[in-house]
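Participant: just coords:
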């Protein structure tokens, strides 16, 4: 896989990318006593996602063989307050979401990539794509009506850009080209997809030296780009919030205005970070800090020792379908699950359990 190959080169940017991803800090699992779940096909009309029910969640964990080599991935999906199911995936696989109760899952067997949408609440899934090129990651649109897929060439691993496809399946159309290597960024080794609050698509392409982030308006195709940053955290207003380029966490967090290139340092040192409504939430010295992005007021979050924000985007290894603006918190050293994760409310600065919510 691209990130693994790059990490072996011990390049500083790879270090911060991996350190900001909870999955990189979790121990691999050797397997499970329960047989893997093979989700049956959803009984829904073509192109109509099933109605979301409950608070869905997912987590992926690496599985190792006897020699310690990566043998596959274990995907765990469930609904808060309900049971959970485990899906066996090959080594080159991913999951993202949930969006409207649905988890996007991709897997590659060395000859083809398959893209599915899994509905944990209804216990089913449907296949929306089978491609000869490698689908490296994908996310659902906020309305769950389409997927946005990042692809690479199977032979050369060259960046082939981002493609849009209806969840009903069918032909995909490319909406953003791949980025060629340059001396400031190097060859792209990881691409993170996510959505900005205003509906624009965020494509963060990280190379050996630095990252380039494109903001694309799905309606008009208008694209703005920032360059020479570390991994992206999100978008606040018109600005891209990203780590600086540094050897590893903690690292500065900066806001860049794509239209002018103006850069403001928000935080000198931050660990794992996420954006809430109007706030940057990050781990520092073993506890949480919240910064109001309008007033720049910084506040320590009470009763937050040992917690850190769970990163989002297509590169995440876990996610929960919480209300917009909330931040999912994970306990250090534990695999995220509803029983151990917490929800941070930026409006009240309160930390509470993950609750079952009917949608």
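Facilitator: Structure received. No experiment lies behind these values; they were computed from the predicted model shown. Residues are numbered from 1 along each chain as shown.
Participant: okay, now the closest residue to residue 74 other than its chain neighbours: neighbour count?
Facilitator: Once its chain neighbours are removed from consideration, residue 74 has its nearest residue in residue 61; the separation is 4.8 Å (Cβ to Cβ, 6 or more residues apart in numbering). Where you see a C-beta, it was placed from the backbone N, CA and C, and this is true even at glycine. A total of 19 residues lie near residue 61 under the criterion other Cβ atoms under 10 Å.
Participant: so what's the spatially most central residue of the chain up against?
Facilitator: Using Cα atoms, centre = their mean, the residue of the chain that lies closest to the mean C-alpha position is residue 313, 2.5 Å off. Taking Cβ atoms under 8 Å, 6 or more residues apart in numbering as the criterion, residue 313 is in contact with 96, 139, 192, 193, 194, 202, 204, 232.
Participant: What does it show for phi and psi?
Facilitator: With angles defined as degrees, to the nearest 10, residue 313 sits at phi 90, psi 180.
Participant: Could you do residue 157 as well?
Facilitator: phi 60, psi 20.
Participant: cool, residue 288 as well?
Facilitator: Dihedral angles of residue 288 (phi, psi; degrees, to the nearest 10) stand at phi -90, psi 150.
Participant: isn't it right up against residue 281?
Facilitator: Yes. Taking contacts as Cβ atoms under 8 Å, residue 288 lies within contact range of residue 281: 6.3 Å.
Participant: all strands for the stretch 251-359 of the chain, in order.
Facilitator: Taking DSSP state E, counting those that start in this stretch as the criterion, the stretch 251-359 of the chain carries its strands at 251-256, 263-270, 273-276, 279-284, 287-292, 298-300, 307-309, 318-320, 327-331, 342-345, 350-353.
Participant: possible to save those as a markdown table with mean pLDDT?
Facilitator: Converted to a markdown table, those look like this (pLDDT from 0 to 100):
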| stretch | mean pLDDT |
| --- | --- |
| strand 251-256 | 95 |
| strand 263-270 | 94 |
| strand 273-276 | 91 |
| strand 279-284 | 92 |
| strand 287-292 | 92 |
| strand 298-300 | 91 |
| strand 307-309 | 92 |
| strand 318-320 | 90 |
| strand 327-331 | 89 |
| strand 342-345 | 88 |
| strand 350-353 | 86 |
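Participant: now these as JSON lines including distance to residue 68 and mean neighbour count?
Facilitator: As requested, the strands of the stretch 251-359 of the chain are arranged in JSON lines below (distance: least, Cβ to Cβ, whole Å; neighbours: other Cβ atoms under 10 Å):
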{"stretch": "strand 251-256", "distance to residue 68": "29", "mean neighbour count": "21"}
{"stretch": "strand 263-270", "distance to residue 68": "32", "mean neighbour count": "16"}
{"stretch": "strand 273-276", "distance to residue 68": "31", "mean neighbour count": "24"}
{"stretch": "strand 279-284", "distance to residue 68": "29", "mean neighbour count": "23"}
{"stretch": "strand 287-292", "distance to residue 68": "34", "mean neighbour count": "19"}
{"stretch": "strand 298-300", "distance to residue 68": "40", "mean neighbour count": "13"}
{"stretch": "strand 307-309", "distance to residue 68": "27", "mean neighbour count": "24"}
{"stretch": "strand 318-320", "distance to residue 68": "23", "mean neighbour count": "23"}
{"stretch": "strand 327-331", "distance to residue 68": "25", "mean neighbour count": "23"}
{"stretch": "strand 342-345", "distance to residue 68": "32", "mean neighbour count": "20"}
{"stretch": "strand 350-353", "distance to residue 68": "36", "mean neighbour count": "14"}
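Participant: Tell me which of the ones you listed sits nearest to residue 113.
Facilitator: When these are ranked by proximity to residue 113, the top entry is strand 318-320, at 20.7 Å, counting by Cβ to Cβ.
Participant: Contact partners for the nearest residue to residue 239 once chain neighbours are set aside?
Facilitator: Nearest residue to residue 239, sequence neighbours excluded (Cβ to Cβ, 6+ apart): residue 255, at 4.4 Å. If you count contacts by Cβ under 8 Å, 6+ apart, residue 255 has them with 236, 239, 240, 241, 263, 264, 266, 293.
Participant: ok, now with 6 Å
Facilitator: Contact criterion Cβ atoms under 6 Å, 6 or more residues apart in numbering gives 239, 241, 264, 266 as the residues in contact with residue 255.
Participant: now do residue 307
Facilitator: In this structure, residue 307 makes contact with 288, 329, judged by Cβ under 6 Å, 6+ apart.
Participant: for residue 299, same thing?
Facilitator: Counting by Cβ under 6 Å, 6+ apart, residue 299 touches residue 290.
Participant: go with 7 Å
Facilitator: Contacts for residue 299 (Cβ atoms under 7 Å, 6 or more residues apart in numbering) come out as 290, 349.
Participant: One more: the one 4 residues further on?
Facilitator: Contacts were defined as Cβ under 7 Å, 6+ apart; by that measure residue 303 touches residue 351.
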